[in-house]
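[1] Need a 3D model of the sequence below.
(2 chains)
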Number of protein chains: 2
Amino acid sequence: MKLKNNRILKLATVALVLTIVSCKEESKSVSVTNSKQTGSHPNLILTQESVAEIKSQLGNVPVFDATLAATQKDVDLAIQEGIDVPVPKDMAGGYTHSQHTANYKNMQKAGVLFQLLEDEKYAIYVRDMLLEYAKLYPTLGRHPQERSYARGKFFWQCLNDSNWLTYTSQAYDCIYDWLPKEQSDYLNKNLFRPYADFLSIETPKYFNRIHNHSTWGNVSVGMIGLVMDDEELVNRALYGLKDLDIDTNAIDNDGGYIYDKDGKAGFLANLDSPFSPDGFYTEGPYYQRYAMYPFMIFAEALQNKKPELKIFEYKDAVLLKAVDALINLTDADGEFFPLNDGQKGMSYYTASLVSVVDISYYHGNKKPELLSVAKAQNAVQLNASGLAVAIGLRDGKEKPFLKKSIELSDGANGDEGAVGILRYNDSNNTMALVMKYTGQGLSHGHYDKLSFSLYENGEEVLQDYGLSRFVNVEQKNGGGYLKENKTFAKQTIAHNTVTQNETSHFNNDFEIGSNNHSEKYLFDASNPEVQIMSATETNAYPGTNFHRTMLLVKDATVDIPYVIDLFKVTSEKPNQYDLPYYYFGQIIATSFKTEAPKSLTPLGTKNGYHHLWKETQSQAKADNIQFTWLNNRKFYSITAATTNEDAIILARIGANDPEFNLRRDPSIILRKKNTKATVFASIIESHGDYNPISEKANNAYSSFKSIKVLLDNKKYTALELQLKSGVSKVLILANNNASKEAKHTLKINDKNYEWSGSYYFK
Amino acid sequence: MKLKNNRILKLATVALVLTIVSCKEESKSVSVTNSKQTGSHPNLILTQESVAEIKSQLGNVPVFDATLAATQKDVDLAIQEGIDVPVPKDMAGGYTHSQHTANYKNMQKAGVLFQLLEDEKYAIYVRDMLLEYAKLYPTLGRHPQERSYARGKFFWQCLNDSNWLTYTSQAYDCIYDWLPKEQSDYLNKNLFRPYADFLSIETPKYFNRIHNHSTWGNVSVGMIGLVMDDEELVNRALYGLKDLDIDTNAIDNDGGYIYDKDGKAGFLANLDSPFSPDGFYTEGPYYQRYAMYPFMIFAEALQNKKPELKIFEYKDAVLLKAVDALINLTDADGEFFPLNDGQKGMSYYTASLVSVVDISYYHGNKKPELLSVAKAQNAVQLNASGLAVAIGLRDGKEKPFLKKSIELSDGANGDEGAVGILRYNDSNNTMALVMKYTGQGLSHGHYDKLSFSLYENGEEVLQDYGLSRFVNVEQKNGGGYLKENKTFAKQTIAHNTVTQNETSHFNNDFEIGSNNHSEKYLFDASNPEVQIMSATETNAYPGTNFHRTMLLVKDATVDIPYVIDLFKVTSEKPNQYDLPYYYFGQIIATSFKTEAPKSLTPLGTKNGYHHLWKETQSQAKADNIQFTWLNNRKFYSITAATTNEDAIILARIGANDPEFNLRRDPSIILRKKNTKATVFASIIESHGDYNPISEKANNAYSSFKSIKVLLDNKKYTALELQLKSGVSKVLILANNNASKEAKHTLKINDKNYEWSGSYYFK
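    Next comes the predicted model:
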């Protein structure tokens, strides 16, 4: 069904059941205010007023003008290539999938161009493509690819169909008044209303969830409802389907529950529940990024058409807070921390985040910090929001968006744990320490309680593996999740946290995981030299308590901040505990002796262990080990307290992976065997660099001599850090009293310590 | 022996055996033309005339001014830190090594600053440091670290001592006339002359070689000889030590011969022999880069003091050609191809290359192309050469240095093979295909006849492993070569060329390797759409002939150039042949079935095979295989002709490596078993990209359907390439006739081919 330009007229004619075809292909630039322009459209994302305002500013708002020019270039190229509406066939990454995706993006842009540039060719492009879709739609059953729990029409899953409808609604709104009423009636009746019903009534298990999928579903139905002034659809979008006969135990492809146990559904319910009061979205930043566009674009449409809803004030302005939270969940390069399922490299430069930032700026309080993000994006949404941003930028109003240390609570009420981020920034260095002590995170959650990752200058130092998937790479399972996502990426051993007895947290049970969450203990970033966060997890393994405390320290003794990692474990019975650190790069030195095995065997048989090759296993035979590596021309060290019997395993991902789906990344695993109560205590440093041009190694050695557990009991845990300079430091944590005011006195090795607050560090 | 500023006077006094100490510490800025300025120094790298000229230009030559300011900042900081001349103790990367290295660099800079800025504090700094060295020198035996075949005094190897003397000679020249004659006599007698004798007469096995070590040795002795007007030393430098009683079978740490079999030695002999007439240095670019500084700096000194030698015209101006050759041996980022022993990341941005480029510009024909390299370096040598470059840049005279396809012959007479480089450059893409068909390359040579590497936009696509060493990283064997350099990096299986029967070329025998070289067959880059290079190797395995032909093709059928690799093998008896391609990154798809083994075992027991883990082994079971991977967000494919019985091994470096010295890089190895005559025929493509922000995979699939060997006999080898577009191409190579004029007719599968020249491709 690939159409060439010169065939458009003919095919459009053939396609139409209607008799009136008043196309104006010849007229290249006709005023929009022609005889058909009698209604009130556009009124969704663009409005008649904002179009007029934008036109008056064109040529005088550089970023807006540049975005408009780039958009025009894209769409002109698409028009030149001709309309192509293929019969759906392929998975993500395949031809028909990619073409339908391109189509909705091009239509949305063409609609905007028609409004702003008054060139009818853009309206004609949208109309002709919609007519093709209207012709195709009635011929389709569900998509032939059967992998999804909710198969779509144009795409293999309803989710992508909702993407289509969300964007296409905007295009349709832009040409609605330009179309002869007969044509819009035709499209409403034969394409859009049936399509909205298909995505909702006919697919309740997709539409009626608390999940990013349903947000897209709700919004797409709501958007087209607003365009068609179809109140039934709008209400369905806002409040969900009612009185369904449903199976609350049904699960989706990712193993997540389909229906909320309390029967909540719809756009507003999806604002209530996955978002915490801080704006953290429980699925994690990668999916928050994905969900924010439908949330914000529908909110903007609602603000335009139903301002009485005051949607941007809903739940104490949670949508605006969510945008701030999302920006805070990025590294120094603007890339999202890949908590839970997250593909690395995704960043706030993605097109949908341009809209999100602009809408947040315009409908929030025009926070000048958002302008600096928009400036980095170097593009705006082509409507009133984007215009406001472009004007702000033109007038030099931006202020830096300083990503500071922050704790973002999880849970609808903010009482289900949190993500803690400790940051250090100076002119030479930025460090970000990200600790996850949240709830499960719905179906995209990982079994990684109290895990963390560490970033320096936007590069990963100790990584979160992220997801196992190559989104839209067709050769890799049609671009979908790989089986290793479940067998490795979600497993506890894939994360920088403790695995007990080679079994993942909650024994990989999604239901138990979803019923529990970690607990905040302490977050204090008030002292820039010593920042601390601390959390507990008491449900991951029944009978075992975890308490992890992490400090980011930048004091006079070091040039670059270092991390203290204190992971206290207590259990009713002896267990094996494994704590991996997933580093990158080349091992430079180990304080422990390593041997080369004759052959490599997997570290275990299940729960992700079967995906790790054991490159070597050593016995600590010391009360300290040190491990130094080189990556990205920088030297790093981990210094860890050990007992003689502790094992150190150097492992590499890749076992039992016949299709080479996993990255061959390394880790160092600290193993404590047959232990009830123990403390993992480590120092993690970035301490030097290597220049291959001058061939100089600068500070190739750790600054630390040792770390030692001075004391560990129910009330207190104390560590001593010895620097090579001779300086030593003591950290004491009150394990059961996070009060800032509490006074403590404690004697360790005949020395008295007195302090106020939850910890001592000197 | 760390001195603080305020202790300099006292210590200098104590240190001096001489009675006259006419220090002028207080005078911060005294004219150089004081009463002591009666001699003719400086006359080595700076001259009295050039100093006057430079002074007249200061403030008017931006790059020179900026380099001078940066140098002053460095040296002022060093002066502030005080003089530190520690008793030698450490290996490379250790404290005393690094300090002595810093000292000679700082002295050289301070000497120049004294001349150009007329601030006596710089002369005082050099003098006081030299006096420290003069005091230390007589107390030293050879360096306590016993690893080198030629242990130095201040450093573990004489090589570094020669670095010291080469730089320090320049500093000494700058303050020579400023020093009281009694002090220069003292330094000549107690430090410099004995030191020069130590590095030559006392260490002939270091001084009298054809090797980069000896070049440094010769130059250091020659430089100090020129400063002291000591003709004996200068002649020793130029012509070597005569009438030595030597063992011509002695070898050095790297396994190379110490003495040339013909008894050649000295600076001029080192110009004759390791350099080919094209300026290629047989050890490879990494060591050429290292040797070029002493070659060029001594040549410049000779030109100043002994212009009658016409050193820059020697051997048809081989020094100037060598600089051009060296620049051509870099990727798009200016990094040297790591042929033979070469550490990756070294580039023409290294400080010594600034001097080399400037000297070549000034003493050559002021080639404007060299200015563009100097512009990228953004620094100049602080003498007449650097001034000329800075003036050229100021006046906008630079032209781009276009790295074109080039063949650089090896061997003193240019008849011992070559390195061939085929390049493609357009505004979006640069590709460089580097094939090595040279001689052994002295002690730094690898057993890698007919190997190649491929670069795209300055990134490695198919790598040469380079060396196994972390230069100046003390933890890794004191910064020296690791044992894996010999057991893996030099071995044939570590390279993208054919290994027969799991044995390296020449059976790893350095003597046999050194007596042989590959032969050029064909190099033709005249057609930008189809560039070709071809070479043979008949000695690597007795009774077996190799003939490899590589094409870089950019025609209308593709957006990005692709490589055709035709490796023809004929042997008197059946053998096993392995051809690896060392790629990077993530496997995306394989046409052959891969299985996950229960455990990993090494690929073999010796010759580098024991360092490779066999991740999977498959049988081709087809007449073609295809292998697609993703690296640096780009998609690549190899399509290779196979027989059903061929094996495909996916391997990873890292077995039998207890200290984790090797990088865990992957390779795909094509294996043909029990075969006499065969052809490896592959297409290597870069064909698409992945954007993790838009999550779009663009051209994720190879453009090729297959490659097939149509014909292979003694006279001709013919391949057919099938594109998915339906286009097909035929390549026919005349195996024994490289003549451009020869006419050929050939019938294959009933089709007649007629062409002129050595190959047909259509």
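[2] Excluding residues flanking it in the chain, which one is nearest residue A:431?
    residue A:424 (4.5 Å; Cβ to Cβ, 6 or more residues apart in numbering or on different chains). (C-beta placed from N, C-alpha, C; glycine too.)
[3] Assign a three-state SS to residue A:236, would you?
    helix (DSSP: H, G, I helix; E, B strand; the rest coil).
[4] Helix, strand, or coil at residue A:711?
    Three-state call for residue A:711 (three-state DSSP): strand.
[5] what about it, how many residues close to it?
    Taking other Cβ atoms under 10 Å in any protein chain shown as the criterion, the count of residues near residue A:711 is 18.
[6] List the contacts of residue A:705.
    Going by Cβ atoms under 8 Å, 6 or more residues apart in numbering or on different chains, residue A:705 touches A:722, A:723, A:724.
[7] hmm, I was thinking of residue A:680
    A:498, A:565, A:566, A:567, A:569, A:577, A:579, A:640, A:641, A:670, A:672.
[8] what number of residues lie near residue A:714?
    Residues near residue A:714, counting by other Cβ under 10 Å, number 9.
[9] Can you tell me the closest non-neighbouring residue to the residue of the stretch 551-700 of chain A found nearest chain B?
    Going by Cβ to the nearest Cβ, chain B is nearest to residue A:692 of the stretch 551-700 of chain A, at 2.9 Å. Spatial nearest neighbour of residue A:692, excluding adjacent residues (Cβ to Cβ, 6+ apart): residue B:345 at 2.9 Å.
[10] cool, and residue A:461?
    Spatial nearest neighbour of residue A:461, excluding adjacent residues (Cβ to Cβ, 6+ apart): residue A:454 at 4.3 Å.
[11] Regarding that neighbour, which helix or strand does it belong to?
    Per DSSP states H and E: residue A:454 is located in strand A:451-456.
[12] Direction included, what does the next helix or strand after that strand pair up with?
    Per DSSP H and E, the first helix or strand lying C-terminal to strand A:451-456 is strand A:459-462. With DSSP bridges as the test, strand A:459-462 is paired with strand A:451-456 (antiparallel).
[13] List the buried residues of stretch A:505-523.
    A:505-506, A:508, A:510, A:513-514, A:516-523 (16 or more other Cβ atoms under 10 Å in any protein chain shown).
[14] cool, stretch A:147-156 as well?
    Buried, per 16+ other Cβ under 10 Å, within stretch A:147-156: A:148, A:149, A:150, A:151, A:152, A:153, A:154, A:155, A:156.
[15] for the last one, what are its contacts?
    Right, the one you point to is residue A:156. A:88, A:90, A:91, A:92, A:97, A:143, A:145, A:147, A:148, A:478.
[16] residue ranges with poor pLDDT in chain A?
    Applying pLDDT under 70 to chain A flags the ranges A:1-39, A:246, A:248, A:254-255, A:258-261.
[17] Mind telling me which residue is nearest the centre of it?
    By Cα atoms, centre = their mean, the mean C-alpha position of chain A lies nearest to residue A:286, the distance being 1.4 Å.
[18] for residue A:682, what are its contacts?
    Neighbouring residues of residue A:682 by Cβ under 8 Å, 6+ apart: A:563, A:564, A:565, A:581, A:638, A:639, A:640, A:641, A:670, A:707.
[19] Next secondary structure after the stretch of helix or strand it belongs to?
    Under DSSP H and E, the secondary-structure element containing residue A:682 is strand A:678-691. Scanning forward in sequence from strand A:678-691 by DSSP H and E, the next helix or strand is strand A:696-698.
[20] Mind listing residues that contact the helix or strand hosting residue A:629?
    Assessed by DSSP H and E, residue A:629 sits inside strand A:624-631. For strand A:624-631, the external contacting residues (Cβ under 8 Å, 6+ apart) are A:461, A:583-592, A:635-642, A:646, A:648, A:668, A:670, A:690, A:700-702, A:704, A:706-708, B:470, B:473, B:475.
[21] repeat that for 7 Å
    Counting contacts by Cβ atoms under 7 Å, 6 or more residues apart in numbering or on different chains, the residues outside strand A:624-631 that touch it are A:583-592, A:635-642, A:648, A:668, A:690, A:702, A:706-707, B:475.
[22] Give me the angle between that strand and strand A:678-691.
    If you take axes from the mean of the first three to the mean of the last three Cα atoms, to 10 degrees, strand A:624-631 sits at 40 degrees to strand A:678-691.
[23] The residue in the stretch 201-350 of chain A that chain B sits nearest to: which element?
    Nearest residue of the stretch 201-350 of chain A to chain B (Cβ to the nearest Cβ) works out as residue A:345 at 2.9 Å. Residue A:345 is part of no helix or strand when elements are defined by DSSP H and E.
[24] number of nearby residues for it?
    Applying other Cβ under 10 Å, we find 17 residues neighbouring residue A:345.
[25] Kindly report the same for the one 5 residues further on.
    Neighbourhood size, residue A:350 [other Cβ under 10 Å]: 22.
[26] Could you pull up the residues touching the residue lying closest to it once chain neighbours are set aside?
    Among residues not flanking residue A:350 along the chain, residue B:693 sits closest, at 4.9 Å (Cβ to Cβ, 6+ apart). Contact analysis of residue B:693 by Cβ under 7 Å, 6+ apart lists A:345, A:346, A:347, A:349, A:350.
[27] and the gap between the third one and residue B:595?
    I take that to be residue A:347. Separation of residue A:347 from residue B:595 (Cβ to Cβ, to the nearest Å): 37 Å.
[28] The second one too?
    Using Cβ to Cβ, residue A:346 is found at 33 Å from residue B:595.
[29] Surely residue A:664 is in a strand?
    No - per three-state DSSP, residue A:664 lies outside any strand segment and is coil.
[30] Name the nearest residue to it, sequence neighbours excluded.
    Using Cβ to Cβ, 6+ apart and skipping residues adjacent in sequence, the residue nearest residue A:664 is residue A:654, 4.7 Å away.
[31] try residue A:97
    Here the residue nearest residue A:97, using Cβ to Cβ, 6+ apart, is residue A:90, at 4.9 Å.
[32] and what of residue A:219?
    Spatially, and ignoring its direct neighbours in sequence, residue A:219 is nearest to residue A:294 (3.8 Å; Cβ to Cβ, 6+ apart).
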